[in-house]
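Asker: sequence first, then the predicted structure:
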Amino acid sequence: MALVKEIMGHPLISGRPSLVFSASHFKKKTQTTQFSIKPFDRRPKTSKSGVVSAISEDLVKTLRFSTTTGDRKSEEEEKAAVKFKVRAVVTVRNKNKEDFKETLFKHLDAFGDKIGRNIVLELISTELDPKTNLPKKSNAAVLQDWSEKSKTKAERVHYTAEFTVDAAFGTPGAITIMNKHQKEFFLECITIEGFALGPVHFPCNSWVQSQNDHPEKRIFFTNQPFLPSETPEGLRKPRGKELKNLRGDGTGVRRLSDRIYDFDVYNDLGNPDKSSELARPKLGGKERPYPRRCRTGRQPTDTDNEAESRVEKPLPMYVPRDEQFEETKQDTFAAGRLKAVLHHLVPSLKASILADDFSDFGEIDDLYKEGLLLKLGFQDEIFNKFPLPKGIVNTLQESSKGLLKYDTPKILSKDKNAWLRDDEFARQAIAGINPVNIERVKTFPPVSNLDPEIYGPQHSALTSDHIIGHLDGLSVQQALEENRLYMLDYHDIFLPFLDQINALDGRKAYATRTIFFLTRLGTLKPVAIELSLPSHGPNHRSKRVVTPPVDATSNWVWQLAKAHVSSNDAGVHQLVNHWLVLKTLRTHACLEPFIIAAHRQLSAMHPIFKLLDPHMRYTLEINALARQSLISADGVIEGGFTAGQYGLEMSSAAYKSSWRFDMEGLPADLIRRGMAVPDPTQPHGLKLLIEDYPYANDGLLIWSAIQTWVRTYVERYYPNSNSIQTDSELQSWYSESINVGHADLRETEWWPKLDTVDDLVSILTTLVWLASAQHAALNFGQYPYGGYVPNRPPLMRRLIPDESDP
């Protein structure tokens, strides 16, 4: 045993820093023993019998050779007779801020740790015990020095634990933890030192709950990825059990400490118990198709059995514990949320002081130059309606002393009148905050896809006469053939809801179409705007076309028409493109089913889970916060956008009519919108029809980088199509994402198959693109462009007057 201690590093056993001796060092100590150790070779040492040794096989041979009395033992028995110790270094991340309750529990846990209420760990081997046919396990080990280090103020605290294993233990593949304390703790990682294959790493990054709340042991796996078919025998059962725990059983109210991922419909946006005016329809189902969200299991409302009861701020909404924001992210998000809330409350702030509208643009400019003086007590009213962390609220009130001042948006930083110009209006269609809706005009005049029996004639009011004078001498047909006409078309998404929207107090909207012409300079200019209202009989004027101005009166009609277009664009950006992806349906809501299914069907050991995990982080928490105060009844979106309470129904209609996963990748989206054509001679396999299209120019570079990385990664684990088709976890993930997460569209024929390596590369590249670059393009320009309200007015309150109006 002294020999084993020397080889494995005796200081490790005594609790001092680990020391691994080289072969040459060891030979100086024991010249009679001829073998060597490679302490930094991480490949498992496999014996002829196929058993992975915990220590050097040469050592086992030496021990077997030195056995001179009694019957010769089997190799397995000889290894089992050799016991040695290994050490775990456990990294726990402390909270920066603790409330009184947390501090109290921390002291109680420090005391309890001294009397045996410890953190208990146990190693699990990748091998089965031949006697029990169960995974081999080490002895239980206790985390040391918890009570002594409980007052440590460092962000990360390192603890140790010692395990005793035998030489036949094999390679550690998992570790279990039982938290016998009162309080949860954040486990960052564990490193096991002392095995011949080198350090074994366990990335954890998870909250470990007290056994009082969750009696079952937590299990963590090493950073070694395994496909399901390649999972070592000793890890098969733990792998399946962990996934079963994450799925739950679909019943019960979720506790904030739970780690259960499940699906549900959007039935928690309204609050009918508070007021019948706050009732909202369920999203998800045949009538109003929608992606599924994370299930919370809250009780139904008293008024409507199909509506889930609300949880209002400051109480938290349920998301699985590890999906909740870390402290630094929480602080950053809260500060940004404060700015966003106050920005959308500008009309309310102004009305609270003067009880009327802004009288001129100068008053709006003063928001950025001088600030807005809030009347006494108004801050309390605002902060009660939109509760925010006390530290942020207090800072705002104390620092401003009632003065609300905004940062100057980028759109004003160089030229405060830039937003009024047609070239800037057109530029933002391809390089602004919503550059994903512009499309090439393929037929002129444009034609609606709405049912003419319900919504009137499908033809547009636009004619050649409206635009012919702005086409640089080309005919309309020539402009079409040369790919010079482009359009922002919000007609079909807004028109079905206009009667309801325009009946709301202080809200007016059109369904707009804007035609752009691509000049010889390669820039766009707007040449006509069509403003549509629902048709109410043959004598009702429901369509109006506005063209570039020729005098002062027509100039302001033109500016107001552009404002209505920008308002349509802001609503579609926020509710379709960002929320359906968050600011769009396409990034937040539509990604959530893939994220939930990934946690339910892909083990943490699965290489595809490891690839997706960084891109899934925080999305569920952000979406839950959005349901709580952004897209909820009487929330920020309803209060600050023209569509009001019908915004989410518009989002549902867009999901049903136009969202297609197979078209969400950048190249496919550009081709679908007619902004590019396939061209194998080009670097990305397509040619942009507008050369200076910044979103596409930069986006294709990022798309290509993501695709290259994903393909390299996927081909490392999947050599052929059969390996894709036989991966049970992978197929279950994709199937559940479609059939449960997107159940309302599961029968559509456009869903990509998952049969080949190319299929998987395409699906994963699209998901990573949507969660990263696409979301960034739709998210981070909101204040630079939308912070100046006249540039992108989210809410319009009047229709454009005719010259004959009073």
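Answerer: Received, thanks. Since this is a predicted model, take the numbers as computed values, not measurements.

Asker: ok, now how distant is the residue most central in space within the chain from residue 543?
Answerer: Using Cα atoms, centre = their mean, the residue of the chain that lies closest to the mean C-alpha position is residue 619, 2.9 Å off. Computed as Cβ to Cβ, to the nearest Å, the residue 619 to residue 543 distance reads 41 Å. (C-beta placed from N, C-alpha, C; glycine too.)

Asker: so who does residue 528 touch?
Answerer: By Cβ atoms under 8 Å, 6 or more residues apart in numbering, the contact set of residue 528 is 462, 466-467, 470, 514-515, 545-547.

Asker: same check on residue 247?
Answerer: 260-262, 600.

Asker: if we use 10 Å, what do you get?
Answerer: 260-262, 596, 599-601, 736 (Cβ atoms under 10 Å, 6 or more residues apart in numbering).

Asker: same question for residue 453.
Answerer: Going by Cβ under 10 Å, 6+ apart, residue 453 touches no other residue.

Asker: pLDDT below threshold where in the protein?
Answerer: Where the chain drops to pLDDT under 70, the residues are 1-81, 100, 327-356, 371-405, 537-541, 577-586.

Asker: any idea how far residue 318 is from residue 562?
Answerer: Residue 318 is 43 Å from residue 562, by Cβ to Cβ.

Asker: and the strands in the stretch 101-250 of the chain?
Answerer: With strands called from DSSP state E, counting those that start in this stretch, the stretch 101-250 of the chain shows them at 119-128, 135-137, 141-142, 156-166, 172-179, 185-193, 200-208, 218-221.

Asker: out of the ones you listed, which comes closest to residue 266?
Answerer: strand 200-208 (26.9 Å; Cβ to Cβ).

Asker: partner strands of that closest one, parallel or antiparallel?
Answerer: strand 185-193 (antiparallel) (DSSP bridges).

Asker: so for the partner strand, what gets flagged as buried?
Answerer: Neighbour counts over strand 185-193 (16 or more other Cβ atoms under 10 Å) mark 185-190, 192-193 as buried.

Asker: re earlier: most neighbours among the contacts of residue 247, which one is it?
Answerer: Using other Cβ atoms under 10 Å as the neighbour test, the contacts of residue 247 are led by residue 596, with 29 neighbours.

Asker: residues in contact with the residue nearest to residue 250 when sequence neighbours are not counted?
Answerer: What sits nearest to residue 250 in space, not counting adjacent residues and going by Cβ to Cβ, 6 or more residues apart in numbering, is residue 262, at 5.8 Å. Counting by Cβ under 10 Å, 6+ apart, residue 262 touches 246-251, 254, 292-297, 320, 596, 599-600, 740.

Asker: do residue 267 as well
Answerer: Applying Cβ under 10 Å, 6+ apart to residue 267 gives the contacts 280-285, 293, 298, 300-301, 304, 306-308.

Asker: closest one of the residues you listed to residue 236?
Answerer: residue 293 (32.0 Å).

Asker: ok, that closest one touching residue 261?
Answerer: No: counting by Cβ atoms under 10 Å, residue 293 sits too far from residue 261 to count as a contact (11.1 Å).

Asker: who touches both of the two?
Answerer: In terms of Cβ under 10 Å, 6+ apart, residue 293 and residue 261 are both contacted by the residues 319, 596, 620.

Asker: from those residues, which is closest to residue 234?
Answerer: For the shared contacts of residue 293 and residue 261, the nearest to residue 234 is residue 596 (28.8 Å; Cβ to Cβ).

Asker: for the closest one, phi and psi?
Answerer: Phi and psi for residue 596, reported as degrees, to the nearest 10, are phi -60, psi -50.

Asker: equivalent analysis for residue 489, please.
Answerer: Phi and psi for residue 489, reported as degrees, to the nearest 10, are phi -120, psi 100.

Asker: how many neighbours does it have?
Answerer: 20.

Asker: for it, which non-adjacent residue is closest in space?
Answerer: Nearest residue to residue 489, sequence neighbours excluded (Cβ to Cβ, 6+ apart): residue 513, at 5.1 Å.

Asker: enumerate every residue touching that neighbour.
Answerer: Residue 513 sits next to 441, 445-446, 448, 460-462, 487-492, 528-532, 543, 545, 565, 568 when contact means Cβ under 10 Å, 6+ apart.
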